[in-house]
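*Asks:* here are the coordinates; sequence isn't available:
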């Protein structure tokens, strides 16, 4: 707390009046989550105030210092303004580290910027949406239902040899594109904006079709499955829910059973073979009885077992099932003694 020095000013009648400024509380600025390094000024032209904005406003969910540095390096190499949110830090579940790991992905803003920089981008049409459908996940209290367009498609235009040429992007299907949580549900953004998210993904697909030499196969941070196909781990790859897996196998068995019964029902009736053997046997060549494969029995063999837990061991012979994640390590550390020298036994 400090108090300003008295000031002498002229009163309305010409007299000199002494006044004192009101007491002012000294400002206390909390340091950013990640400390600023002076080297950032020379390498990325980021001063301390800009760094605070990046940490607290642009990337508030970044888990570590290195993630923001990667975003800075990406934008510098692509000549992008990082404050315009052209890239995003997306946490992806790493099944080996058993934790969320920050990954860097461009947003739709980068694709638009790159297309405009060619000076050949000539606009786009309004998005065409498929019919609205409702999809459901989970059951009971965890049930989630989302009404969304079945697909979306965008046409963009590019000037080629003075002609405005249309490039219709491929139809982008909602259920093939939504970004999932660890449990396989659509994430909060796709639940909140079911049309807006698929709209951006359809535009990205059209821009990639119109400017392949500029954009290649660059996925955006909105396209969940494409992120996984381009190097990151799928969110549901860390743990398998035996109940969900059993339900999936049961559904597969049910569909196969219905298909087999449908074929058997539609097949023309045949005279039963003359044999004294059981009904699942019929004469083969040479009069020998050959068993007929029972497809429904084969379907019954499609059972699954719960995944076996992994067993790890450290150099001090401690055994454990799950390494403890720790920044700066590849596999994690021993949860009992903290050593980083660990190996998987099974």
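*Replies:* Looks like it arrived, so ask away. Quick caveat, the model's predicted, so the values are computed rather than measured. Numbering: from 1, shown residues only.
*Asks:* which ones are touching residue 142?
*Replies:* By C-beta atoms under 8 Å, 6 or more residues apart in numbering, the contact set of residue 142 is empty. Bear in mind the C-beta positions are built from the backbone N, C-alpha and C, glycine included.
*Asks:* would you verify that residue 152 is located in a helix?
*Replies:* No. Counting by DSSP: H, G, I helix; E, B strand; the rest coil, residue 152 falls outside a helix, being strand.
*Asks:* tell me what it is bridged to.
*Replies:* residue 129, residue 172 (DSSP bridges).
*Asks:* quick one: it and residue 130 touch, right?
*Replies:* Yes. Counting by C-beta atoms under 8 Å, residue 130 is a contact partner of residue 152 at 7.0 Å.
*Asks:* overlap in contacts, these two.
*Replies:* Contact criterion C-beta under 8 Å, 6+ apart; residues shared by residue 152 and residue 130: residue 171.
*Asks:* more neighbours: which of these two?
*Replies:* More crowded of residue 152 and residue 130, by other C-beta atoms under 10 Å: residue 152, with 25 against 16.
*Asks:* what comes up buried for the one helix or strand residue 203 maps to?
*Replies:* Element membership of residue 203 [criterion: DSSP states H and E] is helix 194-210. Across helix 194-210, burial judged by 16 or more other C-beta atoms under 10 Å covers 194, 197-210.
*Asks:* any stretches of the chain with poor pLDDT?
*Replies:* Applying pLDDT under 70 to the chain picks out residues 1-29, 93-95, 218-310, 327-328, 330, 346.
*Asks:* domain assignment for it?
*Replies:* Split into domains by automatic domain parsing, the chain comes to 121-218, 309-346.
*Asks:* now do the buried residues in the host helix or strand of residue 115.
*Replies:* If you go by DSSP H and E, residue 115 is part of helix 108-117. Neighbour-count burial for helix 108-117 flags 108-115 (criterion: 16+ other C-beta under 10 Å).
*Asks:* and if you look at stretch 337-346?
*Replies:* Residues of stretch 337-346 classed as buried by neighbour count (16+ other C-beta under 10 Å): residue 342.
*Asks:* contacts for it?
*Replies:* Residues outside stretch 337-346 that contact it (C-beta under 8 Å, 6+ apart): 308, 310-316, 318-319, 323-324, 326, 329, 331-334.
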